[in-house]
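> sequence plus the predicted model coming up.
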Amino acid sequence: DGDWVGLDQGIEADYSADQEPCLTTIYPLIFGHQIEQAAVRDLRLEGNRSKNAKAMGGCRGGAVYFYQSRNIEITDIYERDYFGEGLGFQMCRDVVIKDCRFDENTGNGLHPGAGSTHALFENCSAEGNEKSGFFFCVRANYITVRDCTFKRNGTGLSIGTRDCYNLIEDCTMQDNRAAGILIRRTPAPTEVHNCLIRDCDISGNGTERGEGQIEIEPAAHDISLVNNRITGHSERMTAGVYTEDGVHDIYLDGNTFEHCRPNLATAPDSLTDDSPQIACGHDAAPNTAARHLGFSEAGW
């Protein structure tokens, strides 16, 4: 009679009537589930978001989306205008994304998702996305973001719950509406720690909101900011580095500041003179980094 529907597998969350859930037909443009040794190359993808009535949830899909997969290579993809995320993956390991663009989506541009580890992003860009250019989801660890550019998004790059041992280097965060880099509010013991941000150009961000070019919220600690070029917006002045109470052991070395007011707006006791010894990035992942994924040589 149209009031009931059957599902052939369990859903990933609970939905109550007051949330007004609905069933809709939405697909990623490219989707891989429990696959390995796969490559996606040399494509242009148009999301055509104005013709889609519902958005794809960022943790369940995107224009390009992989779930519970390993040894994935994505190169030379230009994607734009999707009603959701540009690129996303959840519970994946050993992922390489190079020479790609993800622009003008309603969600985040690039979204390494929950539980994923040992991933490399190199020479990629995300521009004009409504949320973040790059968004680390829950427990996205041992990831390298290198030579990437994030411009005119909501936030440039966002790091949050249990996103640890990550390396961001030689990247550009420019003209984003909020912070160029945001380390999100996460309570202990799920706080962000042991991340290194170096040799980046962080400039002209906070065009609409935010307190700094780099914002660090509690309870983050053991974060290194090294040799970055930090430049404030010409009209909406913010701090270069802004920290809140509850942040500690933030290490600064060799950074330069221009047009920031002030250069540092840091809570008492948030900074340290001692350089943290951080092993981070995709090359630093120990053998145990992916054990929570449950993958064996025999498969999923």
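All right, it came through fine.
> ok, the residue nearest to Ala267 when sequence neighbours are not counted to Leu293 distance?
Nearest non-adjacent residue to Ala267, counting by Cβ to Cβ, 6 or more residues apart in numbering: Asp245, 4.7 Å away. In this view, the C-beta of every residue, glycine as well, is placed from N, C-alpha and C. Distance, Asp245 to Leu293, using Cβ to Cβ, to the nearest Å: 36 Å.
> these two: who's more crowded?
Leu293 (17 against 12; other Cβ atoms under 10 Å).
> need phi/psi at the more buried one.
phi -80, psi -20 (degrees, to the nearest 10).
> try Thr75
According to degrees, to the nearest 10, Thr75 has phi -140, psi 150.
> wait, it sits on Lys98?
Yes. With contact defined as Cβ atoms under 8 Å, Thr75 reaches Lys98; the gap is 4.8 Å.
> how much space separates the residue nearest to Ala267 from Ala219?
10 Å.
> check His233 too.
Counting by Cβ to Cβ, the gap from His233 to Ala219 is 28 Å.
> also Ser16?
31 Å.
> between these two, which is the more surrounded one?
Of the pair Ser16 and Ala219, Ala219 is the one with more neighbours under other Cβ under 10 Å, namely 18 against 7.
> what's around Tyr78, how many residues?
15.
> now do Lys151
20.
> what's near enough to touch it?
Ser125, Ala126, Glu127, Gly128, Gly133, Thr172, Met173, Gln174, Asp175, Asn176 (Cβ atoms under 8 Å, 6 or more residues apart in numbering).
> low pLDDT regions in the stretch 201-300 of the chain?
296-300 (pLDDT under 70).
> try 80 this time
Residues of the stretch 201-300 of the chain meeting the criterion pLDDT under 80: 295-300.
> that one: helices as residue ranges?
Assigned by DSSP state H, counting those that start in this stretch, the stretch 201-300 of the chain shows no helices.
> all strands of it, in order?
With strands called from DSSP state E, counting those that start in this stretch, the stretch 201-300 of the chain shows them at 201-203, 212-216, 221-226, 229-231, 239-243, 248-253, 256-258, 264-265, 271-272.
> between the ones you listed, which gets nearest to Ala284?
Proximity to Ala284 (Cβ to Cβ) singles out strand 221-226 among the strands of the stretch 201-300 of the chain, at 13.7 Å.
> strand 239-243 and that closest one, what's the angle between them?
160 degrees (axes from the mean of the first three to the mean of the last three Cα atoms, to 10 degrees).
> strand 221-226 to strand 248-253, inter-axis angle?
Using the same axes, to 10 degrees: strand 221-226 against strand 248-253 is 10 degrees.
> partner strands of strand 221-226, parallel or antiparallel?
As defined by DSSP bridges, the strand partners of strand 221-226 come to strand 193-198 (parallel), strand 248-253 (parallel).
> ok, and what's touching the last one?
Applying Cβ under 8 Å, 6+ apart, the contact partners of strand 248-253 are 216, 220-227, 241, 243, 264, 266, 269-276.
> now that strand: buried residues?
His248, Asp249, Ile250, Tyr251, Leu252 (16 or more other Cβ atoms under 10 Å).
> using PDB, write out every CA atom in that strand.
Provided in PDB are the C-alpha atoms of strand 248-253 (Å, rounded to 0.1, in the frame of the first residue of the first chain):
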ATOM      1  CA  HIS A 248      48.300  23.700  25.200                       C
ATOM      2  CA  ASP A 249      51.700  22.800  23.800                       C
ATOM      3  CA  ILE A 250      51.400  24.700  20.600                       C
ATOM      4  CA  TYR A 251      54.800  25.100  19.100                       C
ATOM      5  CA  LEU A 252      55.700  28.000  16.800                       C
ATOM      6  CA  ASP A 253      59.000  28.400  14.900                       C
END
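> just to revisit the earlier point, ok, the buried residues of strand 248-253 vs Leu29, which is closest?
Using Cβ to Cβ, those come closest to Leu29 at Ile250, 39.6 Å.
> with that, I have no additional questions.
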